[in-house]
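J.: Just need the structure, nothing else, for what follows:
(2 chains)
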Amino acid sequence: MIEWEKEFLEPFLKKFPERKREFLTEEGIPVKRLYTPLDLEKWDYIEKLGFPGTYPFTRGIYPTMYRGRPWTIRQYAGYGSAEDTNQRFKYLLSIGQTGLSMAFDLPTQLGLDPDDKRAWYEVGKVGVSMPTVVEMDIVFNDIPMDKISTSMTINATAIEVLSMYVLVAESRGISRAVLDGTIQNDILKEYIARKNYIYPPEPSMRYATDAIIFCAKEMPKWNSISISGYHFEEAGATPAMEIAFTLADAIEYVKWVVERGKMPVDSFAPRLSFFFSARTNLFEQVAKFRAARRMWAKIMKEGFGAKDPRSMMLRFHTQTAGVTLTAQQPEVNIIRTTIQALAAVLGGTQSLHVNSYDEALSLPSEEAVKLSIRVQQVILYESGVIDTIDPLGGSYYIEWLTDEIEEKAWKIIDEIDRMGGMLKAIELGYPQREIARAAYEYQVKVEKGEIPIIGVNVLVEPGVPKVKILRVDPEVRRRVVERLSKFRSERDNVKVTRALDDVMRAAEKPEVNIFPYILEAIRSKATLGEVSKVLREVWGEWKAPEAI
Amino acid sequence: MSVQVFEVRQQSPKKAKVLVAKLGLDGHDRGAKVVARALRDAGFEVVYLGVHQTPEDIVKAAIEEDVSVIGLSILSGSHLELVQDLIKLLKEKGLNIPVIVGGVIPPEDVDELKKLGVYAVCGPGTLLRDIVDLFNKAINTSRKTT
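T.: Predicted coordinates:
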């Protein structure tokens, strides 16, 4: 190496200097010119990687990975009315999607019925409106709930929505025990980044924990939480922050379930799932996924004493990074998302959403979403990258970078530990502050041209991009509200009031699991907004301190 | 990080005060926060209201804080109706504060928003220096008209 530098490199550099003095990853890690065995001197294969399906799962969580079963093609979808969403779901399945992922509108996420004054303008805008079990029934019209897995991006009202799903399935003779899917149910990241919370942190943690406990006992195939780093990345987090904050959240949930549910970790941990982002910086992203897997395995084995290997497996969904989409030259987004999707696959994801090229401007059109699915299918059928497991494993660079990201992430986790865990850190505003700082630093680099973005600060083209915009029909909310009024007028109100009273009494007693009471209220035809109103009355609403 | 990439072009006797808020139920606040911070670094006094603000909340704060410009960030697609309500309320209160809207705004909605009385629209990809410029210009407009 020294000889090579002296005899070949130095004379060459004198004639042809490099483009930049320093090459940095998005994390800010300086990238060397070349990686060799010297960078992995004390590195031990078995300790760092092991074999696929075995501890520490760096190479993947299954012994055969995609040779056995490909990742689930799962596009996040839902808008307008239940009918619109049902139609979109069927379209997605018809072009090769293999799992569903349901988007709810903001009122549903915030516990407001569509006839609430605060809800009106947002009904059906960023997802489907879901005030009652009737809407859920329409969304899954002609869709086999016992055969398809459904992921639901729902947090502060996760129990109400999952109750609707369970009740619709049961009305079709499908037991909740066989249902396969996920609720996001990750309230901590709402406080940190996504901001769709309702109640204060303590009762919210109880709510989330109760859902995990209920699912562990009654819905053995259901992922009771999807602990999410995606939203941290979208809000500005670096790759190490993304995985560190996610794992710190996960640690907090595990502690709560162990304490509150008096349950051994192996009785619920196999059903914890994760959700990360994939950016365009390919190798760093692959290193991020591999580091996260290794860290979770260690946390569960050494930190929580898990014995079941499934408790140590970090299973995750990936979405390509929405923030990297540009409104300018939107077709270029297809190229970006292709690289991002490749990062997710090379990183060993279990399911994948690829953003559509028009999403910097609106919800994706049918034509755009088809291309997103095709991106996944080109990787799956044509690229050959999935024919062997963890094909980048053993690369001097990838292994070195995986170690670097891991080290940085541990430092952040240690910091949170010193603060007394993630709930405390959130109260102190630590992750919020770190993410905001990183977001600003990133933007300043874009302004200075240090981070080039095609169409934005390099290779800029004049003119306004032409994209056909998908708009939600304003008729939707009238239809949804009409159906809601009819629903209310046809139910037994005495029964509803009694069920809501039961929810209130359960909410008042911290030792009670709230899930069965909410399920019964939804069965008695209480609406999502009515259940949430009761919980707001008991627990209060949370207004987070805002700082820039 | 205190990179001084921005500067206030117009020297004013007192620090210019502007408001930044998320109008509606949408919680994506990365853009709003980055812009608020850039405005602060550029020398403005920034009142940052955060997420889940109603038109009433914003107008109330604008009056109490006596701000010269209102900056709104909306990513949920509900911008036309929400902004219409806000501007109506501003007019009812006899306020002539320029409103700048940012977020996921399709190009075809820009004219629509301007017809409603919005001073300027900053779509995705707008650089901070251009946003700071817009706030400066908006302040001068509001001074001329008041």
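J.: going forward, measure contacts and count neighbours with C-alpha atoms only.
T.: Noted.
J.: Per-residue pLDDT of the closest residue in space to B:I58 that isn't next to it in sequence, please?
T.: Take B:I58 and drop its neighbours on the chain: the residue closest to it by C-alpha to C-alpha, 6 or more residues apart in numbering or on different chains is B:A21, 7.4 Å away. B:A21 is assigned 98 on the pLDDT scale.
J.: next helix or strand past the helix or strand containing B:A21?
T.: Applying DSSP states H and E as the criterion places B:A21 in strand B:17-23. The helix or strand immediately downstream of strand B:17-23 is helix B:30-41, counting by DSSP H and E.
J.: and that following helix, what other elements does it pack with?
T.: helix A:430-448, strand B:17-23, strand B:45-53, strand B:69-74, helix B:128-145 (3 or more C-alpha pairs under 8 Å, 6 or more residues apart in numbering or on different chains; DSSP states H and E).
J.: Low-confidence stretches in the chain?
T.: Because you didn't say which chain, this covers chain A. Judged by pLDDT under 70, chain A has no weakly predicted residues.
J.: let's do chain B instead
T.: Looking along chain B with the criterion set at pLDDT under 70, you get B:1-14, B:142-146.
J.: again, 90 this time
T.: Applying pLDDT under 90 to chain B picks out residues B:1-15, B:140-146.
J.: need the residues of it near chain A, please.
T.: B:1, B:3, B:24-30, B:33-34, B:36-37, B:48-51, B:76-78, B:81-82, B:104-107, B:124-129 (C-alpha under 8 Å from any C-alpha of the partner chain).
J.: Parallel or antiparallel, list what pairs with the strand holding B:A21.
T.: Using DSSP bridges, strand B:17-23 pairs in its sheet with strand B:45-53 (parallel), strand B:69-74 (parallel).
J.: Contacts for whichever strand or helix holds A:E399, please.
T.: Taking DSSP H and E as the criterion, A:E399 maps to helix A:396-419. Residues outside helix A:396-419 that contact it (C-alpha atoms under 8 Å, 6 or more residues apart in numbering or on different chains) are A:34-37, A:39-40, A:239-241, A:243-245, A:247-248, A:283-284, A:286-288, A:290-292, A:295, A:392-393, A:422, A:425.
J.: that older thread, need the winner for burial among the strands paired with strand B:17-23.
T.: Most buried of the strands paired with strand B:17-23, by mean neighbour count (mean count of other C-alpha atoms under 10 Å in any protein chain shown): strand B:69-74, with a mean of 26.
J.: what comes into contact with the following helix or strand past that strand?
T.: Downstream of strand B:69-74, the first helix or strand assigned by DSSP H and E is helix B:79-92. The set of residues external to helix B:79-92 that reach it, using C-alpha under 8 Å, 6+ apart, is A:121, B:23-24, B:55-56, B:59, B:96-97, B:105, B:109, B:112-113, B:116-117.
J.: Same list, these, but as JSON lines with distance to A:E530, neighbour count and secondary structure please.
T.: JSON lines is the format used below for the contacts of helix B:79-92 (distance: C-alpha to C-alpha, whole Å; neighbours: other C-alpha atoms under 10 Å in any protein chain shown; DSSP: H, G, I helix; E, B strand; the rest coil):
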{"residue": "A:Y121", "distance to A:E530": "19", "neighbour count": "22", "secondary structure": "helix"}
{"residue": "B:L23", "distance to A:E530": "24", "neighbour count": "28", "secondary structure": "strand"}
{"residue": "B:G24", "distance to A:E530": "21", "neighbour count": "25", "secondary structure": "coil"}
{"residue": "B:P55", "distance to A:E530": "25", "neighbour count": "19", "secondary structure": "helix"}
{"residue": "B:E56", "distance to A:E530": "25", "neighbour count": "13", "secondary structure": "helix"}
{"residue": "B:V59", "distance to A:E530": "30", "neighbour count": "19", "secondary structure": "helix"}
{"residue": "B:N96", "distance to A:E530": "40", "neighbour count": "15", "secondary structure": "coil"}
{"residue": "B:I97", "distance to A:E530": "38", "neighbour count": "27", "secondary structure": "coil"}
{"residue": "B:I105", "distance to A:E530": "33", "neighbour count": "26", "secondary structure": "coil"}
{"residue": "B:D109", "distance to A:E530": "35", "neighbour count": "13", "secondary structure": "helix"}
{"residue": "B:E112", "distance to A:E530": "36", "neighbour count": "12", "secondary structure": "helix"}
{"residue": "B:L113", "distance to A:E530": "35", "neighbour count": "21", "secondary structure": "helix"}
{"residue": "B:L116", "distance to A:E530": "35", "neighbour count": "16", "secondary structure": "helix"}
{"residue": "B:G117", "distance to A:E530": "38", "neighbour count": "16", "secondary structure": "coil"}
